[in-house]
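# Got a predicted model here, sequence first, then my questions.
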Amino acid sequence: MLRSILVVVAVAALLPTGTVHATSVDPHILDSCSGYNAVNIKSTGATLAADLVLNGEGCGIFGPDIKKLELTVVYETYTRIHVKIIDAAAPRFEVPESILPRPAVSKISPKAASIQFNYTSSPFSFSIYRTDSHEVLFSTASHPLIFEPQYLRVKTNLPSNANIYGLGEHTQPFRLPTENTTLTMWSRDAYGIPVGTNLYGNHPVYFEHRTTGTHGVFLLNGNGMDIKLTTDAGGQTALEYNVIGGVLDFYFLAGSTSDPTAVARQYAEVVGTPAEVPYWSFGLHQCRFGYKGTYTLRFFSLSKLKWECTDFVDVAGVISNYSAAGIPLETMWTDIDYMDRRRIFTVDPSYFPLNRVRDIVEYLHSHDQKYILMTDPAVAYTPGEDYGTYDRGTGLDVWLKAANGSDSLGLVWPGVTVYPDWFHPDVTKFWNNEFALFYNPTTGIDIDGVWIDMNEPASFCNFPCTDPFQQAIQQALPPARTDPIPDPNTPIFVNSTSGKTKRDDILSPPYAINNAAGPLSSKTAFVDSKHANGLTEYDVHNLYGTMMSTATHEAMLARRPGKRTIVITRSTYAGAGTKVGKWLGDNLSTWDLYRKSIAGMLGFATIYQVPMIGSDICGFDTSISQEFYRWASVTQAAKNVLDIRYRLMDYIYTAFHQAHLDGTPVLHPLWFKYPKDSAAFSIDLQFFYGDSILVSPVTDDDSTSVTFYLPHDIFYDFTTLAPIKGSGSTVTLANVSFTQIPLHIKGGAIIPLRAQSAMTTTDLRTQDFEFVVAPGIDGTASGALYIDDGVSVTQDSPTSLAATFKNGKLSVQGVFGSDAGVQTSVVRFLGVAKAPKLVQVNGKAISKSLYTYNAAIQVLDVSIGLSLTGPFNVQYS
């Protein structure tokens, strides 16, 4: 259990009226459209501009072709070209800069750029190619541009069997199948995260990797779309965008011919780098959900649990039991069970009385632990019922509106609901105030982080949802409590140890994307709903979750100024990682979805710039209790795994800090490290955590062995530290204990470790460091360590160190900030072929009693006991 922690029908010439599904259109008809001609072409410095004029009458496949477009091409940086095509006569929806700020622009000479834009004027097509090699990376040749009011099409040829990654959110292999694969961008409540369907979030970006290099393509468009990967009978692979609104706003990223991580950093320049999160957020998190009586295990950011919960006594009991079992518990979470009739910003007075919840929070904080609660966006529609949140929101008129101007109604956990309009000028005032009132440290629940859900936005109302009130009765929403009411004075912690007007062109657009929920308004807010700024939900639906995320992030900052936030969301759009983390949603308890969860985490952490990511391990929908302390073997597994995780905490924290600085991924697929090794391109059951820890979990059903790939390189077993030479082939480990996860250190790394683990991250920060030096094949190694106060947005005096190793000498230098109050106790040199005759610390020989050599595993341990307040070096010869 614990090992999974780290884991054609042709269209007639005259199309019939009504909706046409994308997969029913013969691509030859689309490719036979006349397209556009480029005229009035002007090139000035870094910018090329042209008019695109419709060539003839156009195709009119899904509506009249727009007759004139504007093309703008800007060489924004040495590695980025921005290509934008818009309607020349009328404005169209674009993702607001308030949601995704546009990147800084340098405007460099095209001759100096790493990639080039090339075009053919009649009929218009364009390509992107590498400057040095002239290798074509993207080309619309033979695929005419189609630009209609509710249908935009761009298609590029790809190499045969192309290596494409990204285009989420989906449940697909990390390397996407290139035959008959449709990836749909339309947020939905996707119970069971079915393979081949649209899920909660939308990230229209892909990386393509070739042995000649890695590049990226980002389409900045928030409307619904299908992105199709196809391979025809002749073996030609292609990628096709089919978009139902907005504009064509492409960012082409040169990436690198040698370092795949470069394209991740370039994408971060466009959408922003991940948020810096609190140190404590990397500890073990746990939560419960008890409505259906099911038990679920959740593991967030490789460390989060979830299972049944019914009342405050149960919550307190879990906290106590983990302490008694000696399993570190950093943060307790509580799902919607705590709410009164599932209404946000309330507590159930019988099952979760406010004073008892405050007792739980006080206990946690006094033990250096944290508390997180669920907050959904939907607010119970309760006119005249004295529900403060609804009344205050109504007073500010911040609800999303139906097409006729009334409140847009949905059906969620509390019954009939309204939705906050995140574009409303007073919505920040409303949301901040609700957080300040309910999560007040003195009179409310003093939470440390937030979990936000159902923000696609989700609705349980079955389409066409003409009477949500009747459906609320039929679905018994809000659900009734059936468990016995606990005595409000029960002692806790006593045994602990430390009818709508519809527009058919919006509700049923002529091109129907492959939305698994059916019509666009099914199981969500009506897409003809209006926002305060005049935008329709049709255009901004995919942005709702990210806007709620931003509002919640800001609300947490307002209640704890200057402190980093931790907000975990379900629905995301490009750039969401700058404010929040994410979990992969409501999966099922299957081995297949467990395996696919690794690919899901790689997508978010490696490509989408959302590294605070995790999945429900053992499934959201399962039937047995999953608390770690219930079985001896699982207790031991938890202790083993968390001991490793906590000792690696600063290594992980340093990786996240680097991601925040420049977008370097926190998780790396194997091909990021071995870009020429074609055997690594499709591997998604192994990954590097940080720069250098290779994780190869057991993923076969009920297996006690694992076969994994080791590239041509030197590795070191994480547990024994013994060297292992990879030969570009698979290795099988038999008899892998249920309490173990196979881990290896990549040669060339220096890993900072805490000398021992702890029960809380507060205690962990008092533990000394040790440095593990794992030389590469060339005998060198490098690493980094970043330390700060762990909670502040702005750091006064952080420590940032660089460690290097060459010719038997470790040097640790950098900026030494505030005294962390700890020492470097030991340096462990791996791969030492024979016992040294001399060991020096800061140039002075030390006694043989201070170092030991193990010939069997070739490890030299040197005790140095130096305060981490200044540079030092350790050398053996």
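Nice, thanks for sending it over.
# Just give me the neighbour total for S800.
Counted with other CB atoms under 10 Å, the neighbours of S800 add up to 17. Heads up, the C-betas are built off the backbone N, CA and C, glycines and all.
# Quickly list what it is bridged to.
According to DSSP bridges, the partner residues bridging S800 are Y786, V815.
# Check it and give its pLDDT.
According to the prediction, S800 has pLDDT 98.
# do L297 as well
In the prediction, the pLDDT value recorded for L297 is 35.
# same check, this time on E179
For E179, the model assigns a pLDDT of 95.
# What about it? Give its phi and psi, please.
Dihedral pair for E179: phi -120, psi 120, per degrees, to the nearest 10.
# so who does it touch?
With contact taken as CB atoms under 8 Å, 6 or more residues apart in numbering, E179 is in contact with L229, T230, T231.
# Next: D340.
T346, V347, D348, P349.
# and the next element down the chain from the helix or strand bottoming out on mean pLDDT in the chain?
Across the helices and strands of the chain, the lowest-confidence element by mean pLDDT, DSSP states H and E is strand 304-307, at a mean of 40. Under the assignment DSSP states H and E, the closest C-terminal helix or strand after strand 304-307 is helix 312-325.
# Tell me the strands beside the next helix or strand after that following helix, with direction?
Next helix or strand after helix 312-325 toward the C-terminus (DSSP H and E): strand 331-334. Here strand 331-334 has these sheet partners by DSSP bridges: strand 285-288 (parallel), strand 370-375 (parallel).
# Compare those and give me the one nearest P328.
When the strands paired with strand 331-334 are compared for distance to P328 using CB to CB, the nearest one is strand 285-288, at 10.5 Å.
# Averaged pLDDT, the closest one. What do you get?
In this model, strand 285-288 has an average pLDDT of 82.
# okay, how far is it across stretch 256-267, tip to tip?
The first and last residues of stretch 256-267 sit 12 Å apart, counting by CA to CA, to the nearest Å.
# And stretch 199-216, by the same measure?
Here the two ends of stretch 199-216 are set 22 Å apart, with distance taken as CA to CA.
# And it, what's buried?
Residues of stretch 199-216 classed as buried under the neighbour-count rule (16 or more other CB atoms under 10 Å) are 199-210, 213-216.
# now do stretch 781-792
When neighbours are counted by 16+ other CB under 10 Å, the buried residues of stretch 781-792 are found to be A781, S782, G783, A784, L785, Y786, I787, D788, G790, V791.
# can you check stretch 864-877 too?
Within stretch 864-877, the residues that qualify as buried are I864, L866, L868, F872, N873, V874, Q875, Y876, counting by 16+ other CB under 10 Å.
# Now for the buried residues of stretch 199-216: which two are most distant?
Across the buried residues of stretch 199-216, the longest distance by CB to CB is 31.9 Å; it joins Y200 and G213.
# Which among the strands paired with strand 331-334 is found nearest to N542?
Using CB to CB as the measure, strand 370-375 is the one of those that comes nearest N542, at 20.8 Å.
# what's next to that closest one, contact-wise?
The list of residues contacting strand 370-375 from outside it, by CB under 8 Å, 6+ apart, reads 280, 285, 287, 330-336, 338, 344-345, 360-361, 364-365, 439, 445-453, 552, 566, 568.
# low pLDDT regions in the stretch 451-600 of the chain?
Screening the stretch 451-600 of the chain residue by residue with the criterion pLDDT under 70, one finds the ranges 495-504.
# try it again with 50
Counting by pLDDT under 50, the ranges of the stretch 451-600 of the chain that qualify are 499-504.
# any idea where the helices of it begin and end?
If you assign secondary structure with DSSP state H, counting those that start in this stretch, the helices in the stretch 451-600 of the chain sit at 468-474, 504-507, 537-540, 544-559, 591-602.
# which residues touch the residue lying closest to M612 once chain neighbours are set aside?
In space, M612 comes closest to G581 once its chain neighbours are excluded; the distance is 2.8 Å by CB to CB, 6 or more residues apart in numbering. G581 makes contact with A275, V277, F300, S301, I566, V567, I568, T569, V610, P611, M612, I613, according to CB under 8 Å, 6+ apart.
# Quick check: the fifth one touching W451?
No - assessed by CB atoms under 8 Å, I566 is found out of contact with W451, at 9.2 Å.
# And the strands in the stretch 351-500 of the chain, which stretches?
Ranges of strands within the stretch 351-500 of the chain are 370-375, 379-380, 409-412, 415-418, 449-452, based on DSSP state E, counting those that start in this stretch.
# what angle sits between the first one and helix 312-325?
Right, strand 370-375. Relative orientation of strand 370-375 versus helix 312-325 (axes from the mean of the first three to the mean of the last three CA atoms, to 10 degrees): 140 degrees.
# Centre of the chain to strand 370-375, how far?
On the basis of CA atoms, centre = their mean, to the nearest Å, strand 370-375 is displaced by 19 Å from the centre of the chain it belongs to.
# cool, the fourth one as well?
The chain centroid and the centroid of strand 415-418 are separated by 29 Å under CA atoms, centre = their mean.
# List the buried residues of that strand.
Residues G415, V416, T417, V418 are the ones in strand 415-418 that count as buried (16+ other CB under 10 Å).
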